[in-house]
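[1] using only what follows, build the 3D model:
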Amino acid sequence: MNELILFLGTIFLSTILFYTIYRKDKAIRAERERLLSVFQHVSDGIMVLDEQKNIVEMNDTAKELLGGEIVPDIFCNICQDTNGKLKICEYDKCFLNHHKLSYYELQLNHKNDSKIPVSISTSNFLGADQKPLTILSIRNLSDYRKKEQNRIHNMLAASMIRAQEEERKRLSRELHDGIGQSIFSVLLGLEYIQPILKSEEARQHLEQLRVTTKRTLEEIRHMAVELRPSALDDLGLIAALKSYIKTFGDTFGIQINFEYSGDKERLDSSIETALYRISQEALTNVAKYADSDRVDLTMCKKENEVVLKVKDYGKGFSMEDIGRHDKGVGLYGMEERASMLGGPSILLLN
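    Reported below is the predicted structural model:
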């Protein structure tokens, strides 16, 4: 009887033990599957290296960084310095010799012979065989570098445009207040002298000189406005555009319908200048190429954006030609000004 009880007890304990082992094994398998899922789907590239710096494992993101499914034998074959010309170990200690590294920048060789800028962090652990392994966490910096280059480009372009506008403003004032006033004084002198001349021939010559001087004064004033209209600084964008549109329409015989919607508060000076120059360039393009006698210019100011539309009724253009050829200086300049203000590229609709 005692033997039977002992036998049944042994079976019961064995069953509990095997069930416990089964539960633990199932939990370990589930945890392993979760870790493998994280390993494969994490946004950073992951590489596992042995003591000889051989790549023993990598996830899909790391493979994509290198351009394919083929795993290189040793990490040193794909490692370059930040300039992509030398191996780091050729002039400095290998960064893998550090027990733990939080951040390091280098470049990896892509299979198409290009270089991929990356940042790397490292950590160490022991494998199942108790041999040391190194984990590399790799982050692609290509998009970051492009954004940084674009940011620097926009900063330089904005600085150049500000300097250009300041120089335009200075020249405009010099033409209007300096040279313009001097020529106006000459014109007044000619008008004063003309009645007191006795010779008809002399009066005719003086009249021709007066007409030429008056035309020169008008051209100087026009140049001053083209360079930098004082209304843009003193009265704001809308007043400056209305003044420019009237002069432009009279000069080229084009009917320009201007419509503005939104509040009357002035925008930042850089935004007003950009919108004015974009409108100016767009209207100039219409006069040059569109063969149109009507233009609709609308501006809508919303809470977080300003929408500017210029529509002509001319002969149009081929979108294929725009795609095949580089954009002209005018279109490029308009896009440059819009992009510096965080706006999209200029949208062309035929």
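
[2] okay, and the residue nearest in space to the middle of the chain sits in which element?
    Centroid-nearest residue in the chain: Asn150, 4.8 Å away (criterion: C-alpha atoms, centre = their mean). If you go by DSSP states H and E, Asn150 is part of helix 142-173.

[3] and the next helix or strand after that helix, what's its mean pLDDT?
    Moving toward the C-terminus from helix 142-173, the first helix or strand encountered (DSSP H and E) is helix 180-193. Throughout helix 180-193, pLDDT has a mean value of 80.

[4] what's helix 180-193 packed up against?
    helix 200-227 (3 or more C-beta pairs under 8 Å, 6 or more residues apart in numbering; DSSP states H and E). C-beta coordinates here come from the backbone N, C-alpha and C atoms, glycine included.

[5] what comes up buried for the helix it packs on?
    203, 206, 210, 213, 217, 220-221, 224-225, 227 (16 or more other C-beta atoms under 10 Å).

[6] identify the bridge partners of Thr134.
    Note on Thr134: beta-bridge partners Leu49, Asn124, judged by DSSP bridges.

[7] quick one, what contacts it?
    Contacts here follow C-beta atoms under 8 Å, 6 or more residues apart in numbering; on that basis Thr134 touches 48-50, 53, 96, 122-124.

[8] which secondary element of the protein has the worst mean pLDDT?
    Using mean pLDDT, DSSP states H and E, helix 319-324 stands out as the lowest-scoring helix or strand of the chain, at a mean of 57.

[9] I figured Thr298 was touching Ser279, is that so?
    No: counting by C-beta atoms under 8 Å, Ser279 is not a contact partner of Thr298; they are 10.6 Å apart.

[10] list the contacts for Tyr276?
    By C-beta under 8 Å, 6+ apart, the contact list for Tyr276 reads 229, 232, 237, 240-241, 244.

[11] look up how far Leu108 lies from it.
    According to C-beta to C-beta, to the nearest Å, Tyr276 stands 47 Å off from Leu108.

[12] any idea how far the closest residue to Phe184 other than its chain neighbours is from Gly189?
    With C-beta to C-beta, 6 or more residues apart in numbering as the criterion, Phe184 has its nearest non-adjacent residue at 6.0 Å, and that residue is Leu217. In this structure, Leu217 and Gly189 are 13 Å apart, going by C-beta to C-beta.

[13] equivalent analysis for Asn304, please.
    Applying C-beta to C-beta to Asn304 and Gly189 gives a distance of 55 Å.

[14] same thing with Leu209?
    As judged by C-beta to C-beta, Leu209 and Gly189 stand 11 Å apart.

[15] same question for Lys302.
    Counting by C-beta to C-beta, the gap from Lys302 to Gly189 is 53 Å.

[16] do Asp129 as well
    For Asp129 relative to Gly189 (C-beta to C-beta), the value is 103 Å.

[17] now Gly330
    With C-beta to C-beta as the criterion, Gly330 and Gly189 are 42 Å apart.

[18] so those two - more neighbours on which side?
    Between Gly330 and Gly189, Gly330 has the larger neighbour count (other C-beta atoms under 10 Å), namely 17 against 12.
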